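[1] Kindly generate the corresponding structure for this input.
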Amino acid sequence: QVQLVESGGGLVQPGGSLRLSCAASGFTFSTYWMHWVRQAPGKGLEWVSIINSGGHTTYYADSVKGRFTISRDNAKNTLYLQMNNLKSEDTAVYYCTKDRTTGGAFEYDYWGQGTQVTVSS
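    Prediction:
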């Protein structure tokens, strides 16, 4: 069955960096676009970033553009999110999600359990 397991979250000071990872299994990872989505305390879900199946096309929410970088290693079935210059408003649970289609439809059919990122001094 499809499994997405995030790791790498934690507590970091403002201006710091973290690298999130998402280990994928149970499907042909290299075929699907993948996303990072986050949920801040008391708020709704916010899409963060998307990457195409080959890793050459990426898009970002305006709130993270220039600070976050999404990437993937299809040989390792792993998705990454490098987060730099973190701000308090980046505090959230970060989820790795699989796109339902192979064409980047922005429809999610599987989610990981999430990893907590807390930005605080």
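
[2] Run through the chain and note the low-pLDDT ranges.
    For the chain, no stretch is flagged by pLDDT under 70.

[3] And the strands in it?
    Ranges of strands in the chain, per DSSP state E, are 3-7, 10-12, 18-25, 34-39, 45-51, 58-60, 68-73, 78-83, 92-99, 108-111, 115-119.

[4] Only alpha carbons, please: show the first one as CSV.
    It stands for strand 3-7. Extracted in CSV, the C-alpha atoms of strand 3-7 (Å, rounded to 0.1, in the frame of the first residue of the first chain):
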residue,chain,number,x,y,z
GLN,A,3,3.1,5.0,2.4
LEU,A,4,4.5,8.5,2.8
VAL,A,5,6.7,9.0,5.9
GLU,A,6,8.0,12.5,6.7
SER,A,7,11.0,13.3,8.9
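
[5] Determine the set of other helices and strands touching it.
    Based on contacts counted as 3 or more CB pairs under 8 Å, 6 or more residues apart in numbering; DSSP states H and E, the elements that strand 3-7 packs against are strand 18-25, strand 92-99. Every C-beta, even on glycine, is put in place using the N, C-alpha and C of the backbone.
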